[in-house]
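Novice: sequence and predicted structure are below.
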Amino acid sequence: MTQAPKLTLFNSLSRSKEAFTPLHAGKVGMYVCGVTVYDYCHVGHARVMVVFDVIYRWLMQLGFDVDYVRNFTDVDDKIIKRAAERGVSIDELTGAMIEAFHADADALGCLRPTHEPRATGHMHAMIAMIESLIARNYAYVSDSGDVLYAVRRFAGYGQLSGKNIDELESGSRVDVDEQKRDPLDFVLWKMAKKGEPAWASPWGEGRPGWHIECSAMSCGHLGESFDIHGGGMDLKFPHHENEIAQAQAANGGKFARYWLHNGFVNINAEKMSKSLGNFFTIREVTERYHPETLRMFMLGTHYRSPLDFSDAALDVAKTGLDRLYETKKRVGASVWYEIKDRSQVVPEGFAAAMNDDFNTPEALAELFEVSRQLNRALDAGEAAAGLTDAMIAMSDLLGVLQQEADAWFQSGDVDSVRIEAHIEARKQARKDRDFTRADAIRDELAAEGIVLEDGPSGTSWKKV
RNA sequence: GGCAGGGUGGCUCAGUGGUACGGCGGAGGACUGCAAAUCCUUUAUUCGCGAGUUCGAUUCUCGCCCCUGCCUCCA
């Protein structure tokens, strides 16, 4: 049914929805800016992971062969500083943080990108690009030896963020740096001070500026021109703007064709960020909520809209997931995984929602609707294999309902043997029609957060 | 100040030129010994405010108010 994919997506470059057509038929090259690995990821990072994971899954569902590249910035001032503070080596710090990143991403149910390049592994490509920029007069070596990009040389500067160079200058929040010919110029290669990590280059020992790595690695993996480039809204300027300036000046090509930017995670209507200190790490949150609940919470809002983070919102996400898991439980673990060709069973409405700029709230509405229909069929004693297939397909595409229903409801430190014993005792009491005693047992368990459900096939329990 | 994106029921979140999706919550009902779960019904004469275009606007245009973000590192 997903024949003739009519995928439409909002391109930040044109600030409008556009029909998606890949550069090479049947293939999609997608680059997403990852993280600087000097600390644990917070919920804002989680959103990027989840948003582009869903996009990745949907592109594959549409039949595209997707090359999904997400980088790790593993050389940077903040990393150097943090490593020094902790008295560990740069490699130890970045290695540990990359490991933590993967653990978080895995917990959130995100598929691994096809490539996860590290900046330190692509020095040659970056140096080559800088050389090209110098050769074409888009870059210069300053008095201090740093290599800088001459922003005014690039005619299209500001096209992505809608900025006007002259207004940027007058904004004057840009540091006035004596070595810069123009305040807007940014560093491509930074000379190393003693003790700092350094790589050999035609300009001396040093390290790359932040922006050059993404231009070099995206082009390196996907070609000078590729389909999708994504990241958080805050990367639009200056990072993505600079990426465009670098890549297009160096290659002369088009660079990324579609730019996707996800909205922020807010707390009390304020952006969650390191500098404001109002952030929660993914691991802090997942100690209190299942990671899938966090994922569900993110799916409930369109990826470009701001997302307000709060326990109340997570509670709502959990309640919704509980509903869906209740259906999964009724269907039964044995038949849940017997899914046929997914493309044959994804409901029209779901596909339409996803094809409309990855509208997950709308897609979720379809999932809830099918869940309801399935419950109705189950109530009527029907098998409803088609509805089950549809529900499995949709939940797999969104990356939810990935746990066993029993595990979902019975997680935590509970003594299931003891609970089963109580249930047996209550069963006998009910059989004897001693409801006072039966209710007492139920109340006792309820006090511990264990809820009993009497169904046609016996009594089951769940932890709330 | 410049630029961008928003203001939809108690909360949350979609959406459309012809009176509004889903979730949470509330109310009533079915089921149940009673519950829980599930299902059914119901819960915005209304989509920030004021004009305009139109047969008709929440959806298009203009103005205003308010919120957030970017303009420096930031997902």
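Specialist: Good, I have the coordinates.
Novice: got the contact list for stretch A:271-285?
Specialist: Counting contacts by Cβ atoms under 8 Å, 6 or more residues apart in numbering, the residues outside stretch A:271-285 that touch it are A:39-46, A:100, A:104, A:107-108, A:234, A:264-268, A:270, A:291, A:294, A:309, A:314. Placement of C-beta: from N, CA and C, glycine included.
Novice: cool, and stretch A:419-438?
Specialist: A:I441, A:R442, A:E444, A:L445, A:I450, A:L452, A:G458, A:T459, A:W461.
Novice: so what's the closest residue in space to A:K236 that isn't next to it in sequence up against?
Specialist: Spatial nearest neighbour of A:K236, excluding adjacent residues (Cβ to Cβ, 6 or more residues apart in numbering): A:S161 at 5.1 Å. By Cβ under 8 Å, 6+ apart, the residues touching A:S161 are A:K236, A:F237, A:P238, A:H240, A:E241.
Novice: how much space between the second one and RNA strand B?
Specialist: This points to A:F237. Distance of A:F237 to RNA strand B, computed by Cβ to the nearest atom of the strand, to the nearest Å: 4 Å.
Novice: shouldn't that residue be in contact with A:L160?
Specialist: Yes - assessed by Cβ atoms under 8 Å, A:F237 is found in contact with A:L160 at 7.4 Å.
Novice: compare neighbour counts for these two and give me the winner.
Specialist: For A:F237 versus A:L160, the count of surrounding residues by other Cβ atoms under 10 Å is larger for A:L160: 25 against 15.
Novice: contacts only, for the nearest residue to the more buried one once chain neighbours are set aside.
Specialist: Using Cβ to Cβ, 6+ apart and skipping residues adjacent in sequence, the residue nearest A:L160 is A:E241, 5.2 Å away. Contact analysis of A:E241 by Cβ under 8 Å, 6+ apart lists A:Y157, A:G158, A:Q159, A:L160, A:S161, A:K163.
Novice: helix, strand, or coil at the residue in the stretch 1-150 of chain A positioned nearest to RNA strand B?
Specialist: Nearest residue of the stretch 1-150 of chain A to RNA strand B (Cβ to the nearest atom of the strand) works out as A:G44 at 2.5 Å. Recorded secondary structure, A:G44: helix (DSSP: H, G, I helix; E, B strand; the rest coil).
Novice: give me the distance between it and A:I134.
Specialist: Distance from A:G44 to A:I134, counting by Cβ to Cβ, to the nearest Å: 36 Å.
Novice: compare these two (neighbour count), which wins?
Specialist: Between A:G44 and A:I134, A:G44 has the larger neighbour count (other Cβ under 10 Å), namely 25 against 20.
Novice: can you check the pLDDT for that one?
Specialist: In this prediction, A:G44 carries a pLDDT score of 95.
Novice: wait, it touches A:V265, no?
Specialist: Yes - when contacts are counted by Cβ under 8 Å, A:G44 is listed as touching A:V265 (4.6 Å).
Novice: circling back to that earlier point, OK, contacts around the residue of the stretch 1-150 of chain A closest to RNA strand B?
Specialist: By Cβ under 8 Å, 6+ apart, the residues touching A:G44 are A:G232, A:F264, A:V265, A:M272, A:S273, A:F279.
Novice: isn't the third one up against A:R47?
Specialist: Yes - in this structure A:V265 lies within contact range of A:R47 using Cβ under 8 Å: 5.3 Å.
Novice: got any residues that touch both of the two?
Specialist: What both A:V265 and A:R47 touch, as defined by Cβ under 8 Å, 6+ apart, is the set A:L307.
Novice: phi and psi next, for the residue of the stretch 151-300 of chain A found nearest RNA strand B.
Specialist: Among all residues of the stretch 151-300 of chain A, A:G232 sits closest to RNA strand B, at 1.9 Å; criterion: Cβ to the nearest atom of the strand. Torsion angles at A:G232 (phi, psi; degrees, to the nearest 10) stand at phi -70, psi 160.
Novice: continuing past the helix or strand hosting A:E241, what's the next helix or strand?
Specialist: Using DSSP states H and E, A:E241 falls within helix A:241-251. Using DSSP H and E, the helix or strand that follows helix A:241-251 in sequence is strand A:255-262.
Novice: show me what that next one is packed against.
Specialist: Applying 3 or more Cβ pairs under 8 Å, 6 or more residues apart in numbering; DSSP states H and E, we find strand A:255-262 packed against strand A:8-11, helix A:43-61, helix A:210-222, strand A:225-232, helix A:241-251.
Novice: partners of it, with directions?
Specialist: Here strand A:255-262 is paired, per DSSP bridges, with strand A:225-232 (parallel).
Novice: just the CA trace of the lowest-mean-pLDDT helix or strand in chain A, in CSV.
Specialist: Lowest by mean pLDDT, DSSP states H and E among the helices and strands of chain A is helix A:165-171, with a mean of 72. This file holds the C-alpha atoms of helix A:165-171, laid out as CSV (Å, rounded to 0.1, in the frame of the first residue of the first chain):
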residue,chain,number,x,y,z
ILE,A,165,25.5,39.7,6.9
ASP,A,166,25.4,43.4,7.6
GLU,A,167,22.8,43.0,10.3
LEU,A,168,24.8,40.3,11.9
GLU,A,169,27.8,42.6,12.1
SER,A,170,25.7,45.3,13.7
GLY,A,171,24.4,42.8,16.2
